[in-house]
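**Q** okay, predicted coordinates and the sequence, questions at the end:
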Amino acid sequence: MMKPDWRKIETENLDLSVPSACFLGEGWNSCAYLVNDALVFRFPKRRENREELDREIAFLAFAADKRI
């Protein structure tokens, strides 16, 4: 399993600093890390899993606006 390049992720997200990242686990299609004890980052294992993750990201953005 390839580890994420946290410095590159910080460069692409200027308001994010990653002093800590802990591997949480993995499923069939992705690996998850707990970042800064507050955020969960998921990374697809294969290129074909990226589309599934993109759909989830879109749904979460939609659902965030619908909180009760």
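**A** Okay, I see it. Numbers count the residues shown, from 1 in each chain.
**Q** look up the closest residue to Arg50, ignoring the ones flanking it.
**A** Pro44 (4.9 Å; Cβ to Cβ, 6 or more residues apart in numbering). All C-beta spots, glycine's among them, are computed from the backbone N, C-alpha and C.
**Q** could you report the neighbour count for the one you found?
**A** 15 (other Cβ atoms under 10 Å).
**Q** hmm, it is touching Gly27, no?
**A** No - between Pro44 and Gly27 there is no contact under Cβ atoms under 8 Å: 10.5 Å.
**Q** quick one: the nearest residue in space to Asn29 that is not next to it in sequence from Pro19, how far?
**A** Using Cβ to Cβ, 6+ apart and skipping the chain neighbours, the partner closest in space to Asn29 is Asn49 (4.2 Å). Distance of Asn49 to Pro19, given as Cβ to Cβ, to the nearest Å: 28 Å.
**Q** can you pull the contacts of Phe43?
**A** Applying Cβ atoms under 8 Å, 6 or more residues apart in numbering, we find Phe43 in contact with Pro4, Ser30, Cys31, Ala32, Tyr33.
**Q** ok, now with 7 Å
**A** By Cβ atoms under 7 Å, 6 or more residues apart in numbering, the contact set of Phe43 is Pro4, Ser30, Cys31.
**Q** so how far is the helix or strand in which Phe59 is found off the chain centroid?
**A** Phe59 is located in helix 50-64, with elements delineated by DSSP states H and E. Chain-centre distance of helix 50-64: 11 Å, with Cα atoms, centre = their mean, to the nearest Å.
**Q** just stretch 49-65 next, same as before
**A** With Cα atoms, centre = their mean, you get 11 Å for stretch 49-65.
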